[in-house]
Every structure is written in C-alpha cells, then in structure tokens.
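Enquirer: curious how this folds, go ahead:
(chains A and B)
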Amino acid sequence: MSTKTNVRIVRSNKITGADVITLNILAYAFCSIIALLCLVPFVMVVSGSLSSEKAIVENGFSILPQDFSTEAYKTVFKDPIVVIRAYATTIILTVVGTGLGLVLQTMTAYVLTRKTFTWRRYFSFFFYFTMLFSGGLVPTFVLYTNTLKLSNTYFALLLPLIFSVYNLLVMKSYIQGIPESLIDAAKIDGCGEFRTLFQIVMPLVKPALATVGLFIALAYWNDWNHAMLYIKDSKMYPLQYFLYQQVNNIEGYKKLIASNMVSSEVISAVSLPTQTLKLALTVVVTGPIVLAFPLIQRYFVQGITIGAVKG
Amino acid sequence: MNTKKKGFFYHLYKYRVFLLMLLPGVAYTLLFYYYPMTGIVLAFKKYTYAGGIWGSKWNGLTNFKFFFKSGQAWRVIRNTVLYNLLFICVGTVFQIAVAVFLTEIKSRTFRKVSQSFMFLPHFISWVIVGVMAFNIFSSDYGILNRLIEALGGNKIPFYTTPSAWPGILLFFNIWKGIGYGSVMYLAAIMGVDTEIYESAAIDGANVFQRIIHVTIPSIMPTVVILFLLSIGGIFRGNFDMFYNLVGSNGLLYGYTDVIDTLAFRALISSNDFGMSSAIGFMQSVMCFITVILANKLVSLYDRDYTLF
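Expert: You can find the predicted model right below:
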C-alpha cells in the first residue's frame, strides 16, 4: 500500500490553524488509546506469568509483574514432553496443511481464471455456492465421525482447513493480475498447463502464495474446535486445544506434572502454582506467533485489501 | 442434439488437463461441502449411529417441536441477531474512526507502531482471548475489580452477572477485529482522489469539514458493501468467541447463548442429534435467505461487488 501520496497532500497543507491542531490531538489520543488497549492484555498475560502465585492470589492481576518469579515456567518445563508433543502436532499439521492447501488452491484458481476454459463459469458457481449454503454442524460431524470414521485421526484436523473458497477468491484475484500475453507466450513455447502453472504463474504470484499461505497457516495454528469435536486422545491434542484443556482443567494438569516427578522432589500437586501456571502456558503457546508477527503483518494487509470485499 | 452431445465430449477431451487440475478441489468440495448439505435431512430424522444419514428413520417435525418447546429457540435467534447487529454497527464505526485518524497522523513511525498493536489481537486464537478475559474480569483476581475497589467501589462478579456480557463481548469483538477491519477502510481512503482534497482546501474547508464532506462520502461505497456483506451472516454466531469467553457457564446463557453454541451443546453435551440438526437446518435456511438478500442489495448498489 502506498501511503505516501495522501500524506504529502496533508503535509503540504500549510494552514496549521486551530482545526489542524485539534484534529491532531484527537487523532493521536484516539489511536494511542486504542493501540494501548490492544496491547495491554498481552502485557498482562506476560506479567502475570512472571509473578509469584502468592502475589496474584493476594493482589490479583496487574499490568506489571509483582514479586518477580519464574516458578510458573519452571513448572511448565518440569514435564516439557506434553508441551513439546502439542507443539510438534501443530507444527506438522500447519506445514503439511499449508503446503497441500497452497497447491490445491493455486491449481484450482489457475484453471478458473483461464479464458480458454469456457466451463469456468459453471465451476466458479460450483465453488461459490458453498458460501451461500452449508449443511451445518451435525451433518459435517456425522460425515467425519460416522461416514469417514476419522475420529481420533490427524485427518480430522488436517482436512477441515485445507481448502477454503475465500482463499480461492483471493488467489484468483492475484492470478487475474498476470498479463494474459505472458501465459500465451508460454503456450507458444510449448509449455503444458502444469508447467505454465508451476514455472510461469507461481513465481509471478509469490506475494499471493505468501499471503494465502499465511492465511492457511494461521487457521491451522489457531484451530482448536476441530480437536474438541473429533479428538479424544489427549496425546494427539494440537497446541490451542491443549491450552484450552489445561486452562479449563488446571488441577488435572498439575496432577499430571506431579505424577511425573521423581519421588525425592515430589511436592503435593496443590502447592504448584495455578493462576500463574495458566498464564505461563499461554505465553509458551502464543510466543511464536507474536514474535513472527512483525514479519507477516504486511502480507495480511495485502490479502485483506484484495480479498475482503469478495469474501 | 447430436452436435451438442458431440460438442460436450469434444470439450471434455479438449479440457482434459484443466479438468484434471480441478479434480482435487472439486472432489474435496463435493465431499466436504455438498455431501453435508444433503445431511440437513437429519433434521427430520431420528439419528442412529448404525443408520447414518440415510438409514436413520424419519420422524417428521418431532425435532423441531423439541427445539421450540425447549423455550430456547426464540432466545438464541434473538441473541444471535442482536449481537451481530451490535458488532457490525459499533465495529464499523470504530474501524472507520481508526482509519480516518490514522491517515491524518503525520508521524510514520507512530502510524506503523499503533497499527501493528491494533493488528496483534487478530493473530491469536479465541482460547487465548478467553484467558485474557479472565485476567480482566475475574471476581477474585481480575484487574478491573481491583481498579473498582481501589476507587472505593464494590466488586462486580462479572461471571455471574449476565447483563454485563453484551458489553464484555462487544469489547472483545471490537478488540480482536479493529486492526483487521480498518485495513479495508484505510485502503479506501488511500484511493480517494487527492485533487478533491486540494480543491476542498482551496475552497477554505477546515480539516473537519474535509473529513466529513470529502473523506467519509468517498469511502461510503466500501462501507455500504462491507455492511451488506456482513448482514448476510447475521444468523451465524461466532462460536469460537462465545464458547471461549462464556464456556459452559449456564448462568449467563440468557444473555449469551447463540444459535451456534446451543447447536454445539445439543450435539456434544447432550448427544441430541435431532435437536441439534433441527437448529442447524433453521440456521442454514435463514443464512441462505439473508445472503441472497444481501447480495441482491449489493448488486443494486454496485454490480462489481456481488458474489456471483
């Protein structure tokens, strides 16, 4: 997005009257307040996780850490295998799902933009119609659990997010931006459709691959309700559902940690932190996405402006 | 007739590579979107695991009778629609305000940093928002109650006070969507012809007049279209949000239960496939009608932005 032109116009406005000053005060104040409100809950989670359990129980949560302590993190990593397992599940699902999803979506979008393919309108409608009508929760649940018997398999987590018509539309808009003559030239040089797609089109829509890839990856990373519907085995939980389970059943989690401790250092599960432990787990789960955030934000901005209206 | 048939097979052969490329996407869509559509007949059946969608016995309107007799039908429909209207209207105002103010700010660094902060909530799951909500609103440990007490007030037990929840849910809905939502309006403002600003300045308009008479009318098409498109989903409750913020706290259902959470509970907690599919059937039909209507309105407004 080029923000420069407008800004220059605003700047070249030499009249710095009372109205400009008032507006500036308003704009800075409003945006600062909103931005801070967006940030504060994150700060609170981190601060809480670095506070001592005693301080939280006595004083409640605060914006800054109270009685600094890393006890909660030590507890999380006493038995790191459960966290690592959930991490591995989510990472593998995200990588596989994003890779397959991208190929699937790009290939479909490519065909739907080919002008020489006169049936493309019928197929486009075939895909769009799913945005108008859906079977809903129960039929989908029956399909996964009864017809396909996918309960307690990783397919139940992989399949629901691999293909979305919304992403297809975003991809289509990008591919439509490629000059038709380039594709015609590839054809004349003897490229088949697959070769045109993979060697001509895909390199030209790299920003689209990044954007749609990140949309898909974020959906996998933040997915929790498919695990709630289809996964019963706690060893198979992906990260977010693992967090959901532990936060809502923190006593059970504490017992799990205590049960894995060597007898010489057994503390009763009750003495382990509760509130701070929840927050430390939240930080461990959220950390990577917040750290990666500055790198991926701009691709999202691009994707939203292209896709949102058509979505 | 003959030539037409020939034409079909001719095309089938001619398009064989295109069709091969479409095959995975089409197969997926048929299995995971179209096949479940046929499953809406379950709303009129008594589901058994052995029978599945097709083998289960018909039972007429019994499922619907249960749904309406339970007294929850009107409540969840009302909650879903009212929450969505609230989210759409207030959310749009906030997103436009952020977009307008951000473009007026001269410091590039400030713009970038504040926009990044506003975008951050979009990237986390509602599970984490649920944890954050507890940090703020919990009776014993919540920062808000600490603040109220420090100011000399009495603690408000938010998790047992249903009437507080429209406000709380609205807050988190705006909170999570403001960065994402304002991007569209920012782009629209960037697209405004700068000559209009210049002539407004020459005509002696002050900055507020410029915003009200140039910026806002210029982005109105975007506003109207996004508004209509979101109206299309007015019968769809945000399950992730309601489930993670309210959970299974029955005390709050009067104010917080939406179609999606009720359908989920009927299915998972009480294993009542009949009632859940009756709710789902009604929702699918209502969504279909509103999407068609919204799309019709969009097409009257600007043909380029219709879905089909």
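Enquirer: how about the residues of the stretch 201-308 of chain B by chain A?
Expert: Residues of the stretch 201-308 of chain B lying close to chain A by Cβ under 8 Å from any Cβ of the partner chain are B:201, B:206-208, B:211, B:222, B:225-226, B:229, B:239-240, B:243-244, B:247, B:260, B:263-264, B:267-268, B:273, B:276-277, B:280-281, B:283-284, B:287-288, B:291-292, B:305, B:307-308. C-betas here are computed from N, CA, C, even on glycine.
Enquirer: filter the residues you listed down to just the ones in helices.
Expert: B:201, B:207-208, B:222, B:225-226, B:229, B:239-240, B:243-244, B:260, B:263-264, B:267-268, B:273, B:276-277, B:280-281, B:283-284, B:287-288, B:291-292 (DSSP state H).
Enquirer: just the buried ones from those, in PyMOL syntax?
Expert: Buried subset of these, written as a PyMOL selection, criterion 16 or more other Cβ atoms under 10 Å in any protein chain shown:
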select buried, chain B and resi 201+207+222+225+226+229+239+240+243+244+260+263+264+267+273+276+277+280+281+283+284+287+291
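Enquirer: separation between B:V113 and A:R120?
Expert: 44 Å (Cβ to Cβ, to the nearest Å).
Enquirer: more neighbours: which of those two?
Expert: A:R120 (17 against 13; other Cβ atoms under 10 Å in any protein chain shown).
Enquirer: can you check the pLDDT for the more buried one?
Expert: pLDDT, A:R120: 89.
Enquirer: correct me, but it touches A:Y110?
Expert: No. Taking contacts as Cβ atoms under 8 Å, A:R120 lies outside contact range of A:Y110: 10.5 Å.
Enquirer: the domain parsing of the chain - what is it?
Expert: Here I'm looking at chain A. Domain segmentation of chain A under automatic domain parsing yields A:4-70, A:80-235+A:286-307.
Enquirer: I was thinking of chain B, sorry if that wasn't clear
Expert: Looking at automatic domain parsing, the domains of chain B come to B:2-60, B:64-129+B:164-305.
Enquirer: in JSON lines, list the ones you listed along with mean pLDDT and distance to A:L148.
Expert: Below are those laid out as JSON lines (pLDDT from 0 to 100; distance: least, Cβ to Cβ, whole Å):
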{"stretch": "domain B:2-60", "mean pLDDT": "85", "distance to A:L148": "8"}
{"stretch": "domain B:64-129+B:164-305", "mean pLDDT": "88", "distance to A:L148": "17"}
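Enquirer: ranking those domains by burial, who's on top?
Expert: Among those, domain B:64-129+B:164-305 has the highest mean neighbour count (mean count of other Cβ atoms under 10 Å in any protein chain shown), at a mean of 19.
Enquirer: centre of the chain to it, how far?
Expert: When C-alpha coordinates are averaged (Cα atoms, centre = their mean, to the nearest Å), domain B:64-129+B:164-305 and its chain have centres 6 Å apart.
Enquirer: and the residue of the stretch 151-300 of chain A nearest chain B?
Expert: In the stretch 151-300 of chain A, no residue comes nearer to chain B than A:N222, which is 3.7 Å away by Cβ to the nearest Cβ.
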